[in-house]
Structures are given as structure tokens and as C-alpha cells.
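In: sharing a sequence plus its predicted fold:
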Amino acid sequence: MTQNSQSTDPTRLSAAGQAKALADGDVTSEQLTRAHLDRIGAVDGDLNAFLHVSEDEALSTARDVDQRRAAGEQLHALAGVPIAVKDVVVTKGMPTTAGSKILEGWVPPYDATLVEKLRAARLPILGKTNMDEFAMGSSTENSAFGPTRNPWDRDRIPGGSGGGSAAAVGAYEAPLAIGTDTGGSIRQPASVTGTVGVKPTYGSVSRYGLIAMASSLDQAGPCTRTVEDSALLHELIAGHDARDSTSLPEHVPGFAEAARRQDVKGLRVGVIEQLEGEGFAPEVRARFEESLAQLESAGAEIVRVSCPNFEYALGAYYLIMPSEASSNLAKFDGMRYGMRVVPEDHPTAESVMKASRGAGFGDEVKRRILLGTYALSAGYYDAYYGSAQKVRTLVQRDFSAAFEKVDVLASPTAPTVAFRLGEKTDDPLAMYMNDIATIPANLAGVPGLSLPSGLAEDGLPAGIQFLAPARADERLYRAGGALEALLEDSWGGPLLDRAPALAGEVK
Amino acid sequence: MTTIETDLVDYEDATDRYDPVLGIEVHVELGTATKMFDGAPNIFAADPNTAITPVSLGLPGTLPVVNEKAVEYAIRIGLALNCEIAESCRFARKQYFYPDLTKNFQTSQYDEPIAHDGWVDVELEDGEIVRVEIERAHMEEDAGKSTHVGGSGRIQGATHSLVDYNRAGVPLVEIVTRPIPGVGKRAPEVAAAYVRTLRDIFRSLDVSEARMERGNVRADVNVSLRESAEAPLGTRTETKNVNSFRSIDRTVRYEISRQAGILDAGQHVVQETRHFHEEDGHTSAGRVKSDAEDYRYFPEPDLVPVAPSREWVEQLRATLPELPAARRRRLREEWGFSDLEMRDVVNAGALDVIEATVESGTSAQSARKWWMGELARTASEQGVELDELAATPAQIAELQGLIDEKKINDKIARQVLGKVLEGSGDPSAIVESEGLAVVSDDSVLTGAVDQAIADNPDVVAKIQGGKVQAIGALIGPIMKATRGQADAGRVREIIMEKLGVQG
């Protein structure tokens, strides 16, 4: 449904479309991978979506897939379809920095579980995508390796922390990308780049091999251009992992089928009162209302619900997340791997640790380590970390109460369209406000999906977010797939078709 | 070398005037196949940094997974110490920066230990029983091992340090007592006996090799003094990682003398960790342990709570082995040993070998005679434990069997034992191959007796004159003539028959 039939350029196809072209023999994986590498070569100098491009490895996987396919081997549906991986995900033999100087040059000796799954299914890995350092940020400006630009406007941010993955997908550098979402790092970039992103239920995708920011909030998920592609990728990377104690035991249900169903008759969609008013840009709200109207016209029931404790979610998040992050980031000390700074004059282990952390971490990382260290300190623990955990419970209760009345919840994904590079870098609180709508899902562990709702302020994309009860991810795909079809019908094609040409692009 | 900062008060004097209170934290390394949160092998003495995985090294992205066997062992320890077992408990991160700690936090338990509120009875050498209350037993992981190169071996003054992460992540259970009051002058003994009691329990539970010299069991010894048993607790010091029973005894003794000196001078004991020095038995200050030290504990978000089902706990309780104290009581009764005999056996570490020898068919007293006599002497000469000798309980039982069947006499038995200890094989085979069987063939013996009677007419006259004990003077030459293989009892009978006297 989202394939661009005018173009013979295979990079314009959805991942599902590329998989079909491979299966039909219209293109080889080597050609497809080469086309994406060429695209990266052409546009990424300006976009900076990739921190590392693994050309040889990607092509080698592609050729292997082609040989296997030629030999009649039974392959995974996405075999041969290239993918980009956020640089917070550990990849064996491929540099992994998490966007930080402190890990510059580190080549991991092992693969994240989800990377093992990608390799087992034989998806060529194009490279590692840019991100805010240790996934801390909403604009990718906190990357130690320079910001990523928004494919819609090179002077705008691509969202964060997973701006690289969203931009790569939005700029046709990759049909699929892996993101991670601790407070909105998959969904908010999707929203501001006109792409689709899913934060699965906490525990749906193994966290083994994800460089942790906040263990109780982190979750990896798909970044794609279509809802169906997210469903396909989610099915591939999900599943129980004995190496992650918090991974869910259940099997993965049919997400792709839900995405293709395109039927929302009788679906009860709850609009969260606390996430539609103040702070949300007028055109973002208008696109949201229009999306609801589309759903209603297709037979969905729109219900207003109240989640009163969402008001405190941002505050609780900015205590729990830094607390866990301060602890998770303690291991970066220059002793075993990564950057080591040795001060002059009788260096000790302690002084090396101090110097390495001082030089290796950026300002936002240091800010959160300080906040978290403070919040966990004796005498403050109950007031900060303890209270935040109580709020977390209240947010979970709000969700439970809401999901007794509705099947899914909906809100604009982010309050605004993409802002300008540098616009909020001096105002951390304004930056944190970007995540106001996405954070509650992380606190409660429930899944969320963002898809484009249309063009809003300055002709830039806005997103709508669906939230579902934990382990009911398929509802996201049902609602998202249906709304995507309805909106694309009304637009006459995918929203991304309206994105301007990129610098370096050969039309 | 090291300066001793305070005047020491004579131990007797110190304990006359002050009431010592103990508190002991024991760490035991569990003998699981793999580490606490990691599939890396849990082994001792491999080459440095070989028993590791990405998880052991805390590499970015790695996650812990709880070792179920370690939980089982922790529960067994808790049950053996009469503890409550938590219905649900969480791990927590204890945060501090140190190079041997791969994540710069130790995954431990904080306010939710798996076992709590128990007790154990500790038997002192003279049989007195002291009940020690257990506050908690919790699970945690060990750190890596730092070797400081250059200087004194401590980090201060070293030129560089090496870290071996083989031990990083090895499962530990830490057992914490409540304050142990009322032990008075026996404090050093109680401390050592408590740790020995735990060591024996770990071994009987088969949860650890519990070898002190390998650091499988390590004790942190807290000591404080107060004016009287009614006074509030004094300020304590914690002497870390004391690794032998003797060192524990010396640590307590030294700290009592040292703290008494400080209190006598009207000064305050500083709450701090201290190090014990094996070479002269003193302790020295480590870092000051103040309230300012903040580990910023919080629940480990990478792990789900451990919630042992009650069925499982009861199953483990039902399958607990007989614990050392109960076993000692039972064996003492079965063997008919006196309290003193039993204590000697226990103190000599001979319980297991005697039991095994008895199980192989030897009487308890015979087994005791061997292991507490000849074998104890040999072990002492060789500087090894009884169970490290080349002679096994089965061989000792076989040896005694040969005596009981009168195939050999005591003297030859000692000869045979010597061969067994040299690793020459089993006693029967040695007797066979060396031709050591006792000569009890009357035709052979009668000739020897006749010869001896003929050679010693004055001795014969004495015997016939009523001095039956002079018979020994005839037996000696006969034994000599038969190279010690004559059955002395039979020889005596033949002499008496020949001379017509009654014994």
C-alpha cells in the first residue's frame, strides 16, 4: 500500500515490498544492499544518521542470502532486507559507542540478543546509527559525534535519542532500523521525521546487549516507514531470552496480521485528557483530531479518559531514569575498555577514573549522573527515588483504569514538530518537555506506536501515538495499520512522498 | 615496621574490667558450577582472566541472571541456621568505585535478605554451648582480585596493580550475626568456634568446599567493649577478611587489649575497618567507616524478585543433611566415646575418617586408636590433614581386620601401615607379598619353644618357681627367631603347656 510504483528505485519500497521483490527475484539482496549503501554515500555526509557504515559485512551477508535463495533454501521473510542498528545496541566486531566519546573505538566481543536474531534471519546490517549520548536527549544533538539532521529540513532536529535511526529510515538510507525507547526515543523521532516507530511492551524484546540507560524503562523496537514493517521487525526481534531476567515468557503473536487487518470497527479509542491541551502546538492538535475523526468514521468509538497522575509522570521519570542511569554508567571508568585518560603526576586508579569520566562524558550525561547520584543518596532516597516509584505505581493504575474502558489510548506523540538545531540545547527543561506524552508508557511498561498524522506547523510532520495494555502490542498494529491506510487514502500516498529532496540526492 | 598506636592492656586485665561484645560477618563462596549471575565457570586457580564471560566483565549491555542453584544453597544455609526464608526478596546494587568491581556496583541484597532471624549453637572445646543469633544471610557476588605490584603489596606505594576477574561474580552468602554479648573472657574462642561451626555446616550441606586457606570462608570480626554488661554497646571496629580460626582468635584478643588501652586513656574508639597482620598478630587501621560512606543502595532493576515457593523451601528443609552438632551427638552415643574422647576426635578433625573406618567394619575404639595414634602422628609429621594421608579408612579397616583375624599382630600391623602410607597398596596384598603373616603353626613354634627352654634354664626355673611374668624373657628370643611373625599368644600357651604352669 505504501510502495511508490512510479519509482524503480528499490530503496523506496517498504521493507515488506523489498522482501517481496527479493522473493520474486526482481532484485538481489546484493543489489538492494548496494543501493542503500549508495544512498548512504550520497546523502549521509549531510544528514549524519550513521556513525559507522559496515559496507563489507552488509554486502557479504547479502551475497550469502542471494546464494542461499538461489539454492532454494527456506529463508526468513526479511532475509536480505538491509537494516540499520542504533549505536546503543552491541554488535560483535562492529564499533559500538552509544554516541559517547568514552566508548570511542570499542569493538564489542559479543552480539546483543536482538542482533543475533537479525544475523540469524540474515538481514544485512548497514551500520550503526547516531544518537544522543547514551540515549540521553530528544534531539540527537547530545551525540559526541555531531547532530543528525532531519531529512525534512536540514536545520531541524530529527528527534532523539534515536534521531539517527529515524532519519536513516525517513531518508531511505535503510528500510528498517532498530531503536531504543526509554522515555520516547523511538516514538518522538518517528513523529518528527514522518516515520513509524514502536516501543514494545517492556520485556517483549530482550535488553541483553542494549547499553543500559535506565534498566526498568529501556526497550528496543522497530523504526520503519510503515506500520506493517514495524510489525514484521517486531516479530523478528521479540521473544523470551534467558539472558534477560525481565524478558517476557510468552510467544510473539501475529503483529503483521494485525497491521494488515485494517478494521477498527468497534475499537474503543481513549483520548487522554491530560495529553491534548496545553503545550501541544495547534496544528499538531489539529492533525490529531483529524486522525481521530478518520478512526471514528471507520467505526471506532472515541472516548475521553482521564489519567490524572500523568501530570506527575515527567517529574517521576526524571528521578527514576537518572537514578538508574547514574548506576548503569558507573562502569565506564577507563579501567577495562573505552577511553582512558591518565593524568600527570602519580596517577592512581581513582584519578584515572575521574579524568576518564570527566573527559569521556558530555554535559547531559554528567547532568543526569549528578541528578541520579543525588536522588539515591542517603537521606534523599525516600523523598526522591522512593516518591518517584510511588508515582510510577499511580501512573500504572491510571493506565489500568483507562484500559478497563478502552482498547487503546491515543495522544499526539510529541507536543510540536521538529524544532531547530540549537533551539533548546541551553534549556534542558524545555528539552525534557518533548517527552511529556511518551514517558507514561515507559513508566508503566505498556507498548506505544507512533505514526504520521500529517503535516503541521511549517509543513513538517506530526505524529499520533497509540498506547495499549502490556502484552497487547497487537492492538497497536491493528489501530496503527488501519489509521495509516485511512490517512494515506486521504493524502493520496505516504506522507514521506512529500518530503523535499535531500542534498546530494540524485533524482 | 608498623607502629602500634596505643598501649595494649593485658588481656586478663582488659577482660576483668570491660565486657566485650562480638559481631561477625562471614562470607562463604558457594560451590556452584557457575557464577552468581553469569554462565562463567566458578573455579579456583585458573589462569588469570580465563573464567570470565562478557557478563563477568560487566561489559556494556550485559545483564545478570540469578543462578538458581546459588539460591538453593543460600536457602539451605538459611534453614541450617534456623532462619526464616523470605517469601520474596530483591537484589540491590551496592555502589562504590573500585577497579576489581566490574560494574562499579556489587549486586547484593540490602533490606530484603533471603534468610533472616535465625540462630546457631556453638560448642566450645570444653563442651560449653553458646547460642549465636543470626540477623540475616543474604546473597551477593564476589569482586575480582587485585594484586598490587611493588611496595608492600597494599595499594599504597604500589607501582601498578593487576586485576584478575576470575573471582568476579562468584556466588557468596554473607551471614551476619546479631551482637554476641555475654562471652566475657571467652570472646576469642567463641569467635573462632562460631566460624568453625559455620565452616562445618557449609561442608555438611555440601554448598562449599569451605577451605579457609583458599578464602572460601572469610570473616569480618567486629569487636567492641563496654564498661559492663548493662552498659550500652561501645563503638566497634571491624577487622576485615580474617582467614583462619587462629587468626580470628588473635584478632579478637588483640582488639580487646587495644580498645581497653584507648578507653583507659579516656579516648574514644574510632569506628573503622582494620586489617589483621598474621606475622605479629596486631591489627592496623584501614579506612574510617563513618556514616558518610554512602553506598546508594537501590533495588537491582535488571533482576526480578526471588520468590522461593513454600513447597520448595519445605522440600529443602526436609532434605537437609544431619548437621554437625547433631551428628557428633549421635556418633558419640553410637561409639560409646567419653565426652573427652569425642572432643579430642573432633578437635583433631578425625570424625569423618573414624566414621568411614567404622562403616568399613572396624570397632569404634580400634578406629579411634589408629586415627588418634599412629596416623595422627604421621599426619602431624607430614604437616597434612588426616584425610590427606595415603592411608584410607577402608585400608585401616582392612588392617584392623587382619589383626582381629589374628593374621598379623600389632607389631607387624604397624609395619604394614608404614607400607600403606608409602602408597604400596592394600594391607592384605602387602602382607601377602612381603610374607608377613603371623606364624601360628604349632610345629614351627614348638621347635622354637623347645630351643628357648633349653637355652634359658634359669628363666625356666623362675617360671616354675611361680614367677609367671618371667615368661616374657622366653617369648622375646622366640619372636626374634621367627622374625617377629610368631603369634605371641600361641607361643605363651605352648610355653605354659610345656612347663606345666597356669597363667
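Out: It's in. Everything numeric here is computed off the predicted structure, so don't read it as measured data.
In: for chain A, what are the nearby residues on chain B?
Out: Proximity of chain B to chain A is assessed by Cβ under 8 Å from any Cβ of the partner chain, with B:54, B:57-66, B:93, B:95, B:97-99, B:102-105, B:161, B:163, B:291, B:294, B:296-298, B:301-304 identified as the residues in range. Where C-beta positions appear, they are placed from N, C-alpha and C, glycine not excepted.
In: repeat that with 7 Å
Out: For chain B, the residues in contact with chain A under the definition Cβ under 7 Å from any Cβ of the partner chain are B:54, B:57-61, B:63, B:65-66, B:93, B:95, B:97, B:99, B:102-105, B:161, B:294, B:296, B:298, B:301-304.
In: look at the closest residue in space to residue B:425 that isn't next to it in sequence and report its pLDDT.
Out: Of all residues beyond its chain neighbours, the one nearest residue B:425 is residue B:419 (7.6 Å), with distances taken as Cβ to Cβ, 6 or more residues apart in numbering or on different chains. What the model reports for residue B:419 is a pLDDT of 91.
In: residue B:419: which element?
Out: helix B:410-421 (DSSP states H and E).
In: centroid-nearest residue for chain A?
Out: Nearest to the mean C-alpha position of chain A, by Cα atoms, centre = their mean, lies residue A:186 at 2.1 Å.
In: gap between it and residue A:206?
Out: Between residue A:186 and residue A:206 the distance, using Cβ to Cβ, to the nearest Å, works out to 16 Å.
In: neighbours of whichever residue of the stretch 301-450 of chain B sits closest to chain A, just the number please.
Out: Nearest residue of the stretch 301-450 of chain B to chain A (Cβ to the nearest Cβ) works out as residue B:301 at 3.8 Å. Residue B:301 is surrounded by 21 other residues when neighbours are defined as other Cβ atoms under 10 Å in any protein chain shown.
In: then residue A:166?
Out: 37.
In: what residues are up against residue B:215?
Out: With contacts defined as Cβ atoms under 7 Å, 6 or more residues apart in numbering or on different chains, the neighbours of residue B:215 are residue B:243.
In: and with 10 Å instead?
Out: For residue B:215, the contacting residues are B:27, B:29, B:44, B:142, B:145, B:167, B:241, B:243, by Cβ atoms under 10 Å, 6 or more residues apart in numbering or on different chains.
In: what sits closest to the residue of the stretch 251-400 of chain A found nearest chain B if chain neighbours are left out?
Out: For the stretch 251-400 of chain A, the residue closest to chain B is residue A:330, as judged by Cβ to the nearest Cβ, at 3.6 Å. If you skip the residues right next to it in sequence, residue A:330 has residue B:104 as its closest partner in space, 3.6 Å away by Cβ to Cβ, 6+ apart.
In: from residue B:27, how far out is that neighbour?
Out: Look at residue B:104 and residue B:27: by Cβ to Cβ, they are 20 Å apart.
In: those two - which one has more neighbours?
Out: Counted by other Cβ under 10 Å, residue B:104 and residue B:27 do not tie: residue B:104 has more neighbours, with 21 against 17.
In: count of neighbours near the residue nearest to residue A:92 when sequence neighbours are not counted?
Out: If the residues on either side of it in the chain are set aside, residue A:92 comes closest to residue A:111, at 4.4 Å by Cβ to Cβ, 6+ apart. Using other Cβ under 10 Å as the criterion, residue A:111 is surrounded by 20 other residues.
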